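>>> model the following, please.
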Amino acid sequence: MSSTPPGRPHIAYNAASPHLLGYTWCDDGCGTPETWKRQAIESSGTLDQEFKPAAPLSCKEQGWFNAVPTLALDPQGNPRIARLCALGRVHHCRGLWGRVCYNQRRETHSRKEGTMEYRRLGRSGLKVAPICLGSMQFGWTADEEQSFRIMDAYADAGGNFIDTADIYSAWIPGNPGGVSEEIIGRWLKRRGDRHMHVVATKVQGRMWPGPNGAGLSRGHIMKAVDDSLRRLQTDYIDLYQTHWPDYETPQEETMHALDDLVRAGKVRYIGCSNEPAGRLTKAMWISEREGLSRFVSLQPPYSMVKRANFERENQAVCQDFGIGVIPYSPLQGGFLTGKYRRGATPDSVRAEGLKKFMTERNYDLIEALERIGQARGATVTQVALAWTLAQPAITSPIIGANSVEQLNDILGTLSVALTPEELKTIDDASEWKSQEI
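The predicted model follows:
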């Protein structure tokens, strides 16, 4: 080879393209060695060809994507899940397995603030905006007129991904549930461009009295989807998600019911929310074994002050099965917006529920986010969301807004690309493994 790649060589096997063999580690700059090797995976294991790209390209220049998982050896010789980029490099960025990149053309939507870059949702062909607009506040803290303004501003900026649930927001006195869906439905009808939007909703919560008014049984799902379609004023739902696990209903029953909805054309893709790793893995096995539609997405709670639950198990499952991750609460209920500081708690209805996060360590983290933001003219919110977008397996964090001003601050995240040093600073300040020892 004309140039020595950084680190010792490692063999990697890509399940989707068995003729691709990666030889070197990515260290975020990716090293960009001049020569890589490809090798057919054959019993002889002989070198198939050696090639040299016209110009060295870093994997970051190729863009981060949810590529097919790869088995690779880590520096200690242990098998791990990794990724291969189009240049055949094994990716092990900043010590995190599963950093994703490969050479795929990205469609863009130009806007005044910059460029909206769409991402594939898991292994599906569905392309969604990197920021998903949450709608739990519609009909609650944002009335219908304000909700319309927020959705208009989001769509005008190139956003195409809106998440809701049939139960939103039944916990509010006088709200029967379904109000958020109804507001979105009236907005879609007014705009007249339903095909331009990816509408995601969820099922499981209690929507009517009686023993079958909640859950993931076939009976509940079949009625609930028709009710959601009526409220949304549409004849299909782009992404239909299970909201929580239903431990009383066999997963086989749920997966068959969801598959029937896809075959009937009422639903185009299915996903899940709040599923533990074991149940998620079982659901994927059921789909594969019985030839059913598979989950393309997982919606877990995830933020830099609540990393362990997702990163401990579900992250690897999602990477292994090619499941897109659309986390909710990436700002942890407003704690990571800069409003909460050491010795200064805002007067907020959410403050009581956030007390467990008000630790010296987390205040140090917020101060680090503020320093990074000040150095690059970004808000704490934008830095926190930029970190989330840079994490392995993450497709599109879900974040709601009560005003167009809040939305613009959120969308400003898309112009913030954190450096490897900044990402490492945040990783070190928020890592959780050492705290469990």
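>>> near residue 230, how many other residues are there?
Residue 230: 13 surrounding residues under other Cβ atoms under 10 Å. Where you see a C-beta, it was placed from the backbone N, CA and C, and this is true even at glycine.
>>> that one should be in a strand, yeah?
No: if the criterion is DSSP: H, G, I helix; E, B strand; the rest coil, then residue 230 is helix and not within a strand.
>>> wait, residue 305 sits on residue 366?
No: the criterion here is Cβ atoms under 8 Å, and residue 305 misses it with residue 366 at 9.1 Å.
>>> ok, residue 358 - how many residues close by?
Residues contacting residue 358 under the criterion other Cβ under 10 Å number 14.
>>> what about it, distance to residue 398?
24 Å (Cβ to Cβ, to the nearest Å).
>>> state the distance from the closest residue to residue 140 other than its chain neighbours to residue 125.
Among residues not flanking residue 140 along the chain, residue 169 sits closest, at 4.5 Å (Cβ to Cβ, 6 or more residues apart in numbering). Between residue 169 and residue 125 the computed distance is 32 Å (Cβ to Cβ).
>>> ok, now residue 428?
37 Å.
>>> remind me, longest helix of the protein?
Taking DSSP state H as the criterion, the chain has its longest helix at helix 360-376.
>>> how about that one: buried residues?
The neighbour-count check on helix 360-376 (16 or more other Cβ atoms under 10 Å) flags 362, 365, 366, 368, 369, 370, 372, 373 as buried.
>>> which of these lies closest to residue 390?
Set against residue 390, the nearest of the buried residues of helix 360-376 by Cβ to Cβ is residue 372 (12.6 Å).
>>> ok, that closest one - contacts?
378, 383, 418, 422, 425, 426 (Cβ atoms under 8 Å, 6 or more residues apart in numbering).
>>> now with 7 Å?
By Cβ atoms under 7 Å, 6 or more residues apart in numbering, the contact set of residue 372 is 383, 422, 425.
>>> ok, back up a step: could I get the buried residues of helix 360-376 as CSV with pLDDT?
Shown next, in CSV, are the buried residues of helix 360-376 (pLDDT from 0 to 100):
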residue, pLDDT
362, 93
365, 95
366, 95
368, 96
369, 97
370, 96
372, 97
373, 97
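>>> helix or strand: which one has residue 189?
Using DSSP states H and E, residue 189 falls within helix 179-191.
>>> gap between residue 290 and residue 190?
41 Å.
>>> an error on my part: the question was meant for residue 364.
From residue 364 across to residue 190, the span is 47 Å (Cβ to Cβ).
>>> now swap in residue 371 and tell me
With Cβ to Cβ as the criterion, residue 371 and residue 190 are 44 Å apart.
>>> residue 163 touches residue 137, doesn't it?
No: Residue 163 lies out of contact with residue 137 (Cβ atoms under 7 Å); the separation is 11.8 Å.
>>> and these two? which has more neighbours close in?
residue 163 (28 against 19).
>>> beta partners for that one?
With DSSP bridges applied, residue 163 shows beta-bridge pairing to residue 134, residue 200.
>>> hmm, back to that, just want the angle from the helix or strand just after the longest helix of the chain to helix 360-376.
Sequence order places helix 380-389 as the next helix or strand after helix 360-376, per DSSP H and E. Per axes from the mean of the first three to the mean of the last three Cα atoms, to 10 degrees, the angle that helix 380-389 makes with helix 360-376 is 100 degrees.
>>> tell me which residues of helix 380-389 come out buried.
Quick answer for helix 380-389 (16+ other Cβ under 10 Å): 380, 381, 382, 383, 384, 385, 386, 387, 388, 389.
>>> next one: it to chain centre, how far?
13 Å (Cα atoms, centre = their mean, to the nearest Å).
>>> and for stretch 138-148?
Using Cα atoms, centre = their mean, the offset of stretch 138-148 from its chain centre is 25 Å.
>>> and it, what's its mean pLDDT?
The pLDDT scores in stretch 138-148 average 96.
>>> low-confidence stretches in the stretch 251-400 of the chain?
347-349 (pLDDT under 70).
>>> distance check, the residue nearest to residue 140 against residue 182.
Residue 169 is 12 Å from residue 182, by Cβ to Cβ.
>>> again with residue 243
18 Å.
>>> go on, residue 132?
To residue 182, residue 132 is 20 Å away according to Cβ to Cβ.
>>> what do you get for residue 386?
When residue 386 is compared with residue 182 (using Cβ to Cβ), they lie 33 Å apart.
>>> also residue 434?
Look at residue 434 and residue 182: by Cβ to Cβ, they are 47 Å apart.
>>> just residue 197 next, same as before
Taken as Cβ to Cβ, the span from residue 197 to residue 182 is 16 Å.
>>> show residues contacting stretch 264-281.
Residues contacting stretch 264-281 (Cβ under 7 Å, 6+ apart): 124, 126, 202, 225, 229, 236-245, 251, 258, 261-262, 283, 293, 295-300, 313-314, 317.
>>> for stretch 397-404, same thing?
131-132, 134-137, 141-142, 149-150, 153, 163, 326-328, 330-331, 385, 388-389, 407, 410.
>>> in the stretch 101-250 of the chain, which spans are strands?
Under the criterion DSSP state E, counting those that start in this stretch, strands of the stretch 101-250 of the chain are mapped to 108-111, 114-117, 119-120, 127-128, 132-134, 161-163, 198-203, 237-242.
>>> right, and the ones you listed - which one's nearest residue 341?
Within the strands of the stretch 101-250 of the chain, the stretch nearest residue 341 is strand 132-134; the backing value is 24.7 Å (Cβ to Cβ).
>>> which strands and helices lie in contact with the closest one?
Applying 3 or more Cβ pairs under 7 Å, 6 or more residues apart in numbering; DSSP states H and E, we find strand 132-134 packed against strand 161-163, strand 398-399.
>>> and the ones you listed, which is most packed in?
strand 161-163 (a mean of 27; mean count of other Cβ atoms under 10 Å).
>>> for that strand, name the packing helices and strands.
Looks like strand 161-163 contacts strand 132-134, strand 198-203 (3+ Cβ pairs under 7 Å, 6+ apart).
>>> please enumerate the helices of the stretch 301-437 of the chain.
308-309, 315-321, 360-376, 380-389, 404-411, 420-430 (DSSP state H, counting those that start in this stretch).
>>> tabulate those helices (CSV), appending distance to residue 177.
Shown next, in CSV, are the helices of the stretch 301-437 of the chain (distance: least, Cβ to Cβ, whole Å):
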stretch, distance to residue 177
helix 308-309, 26
helix 315-321, 29
helix 360-376, 34
helix 380-389, 29
helix 404-411, 24
helix 420-430, 35
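>>> ok, the residue nearest to residue 140 - contacts?
136, 139, 140, 175, 179, 180.
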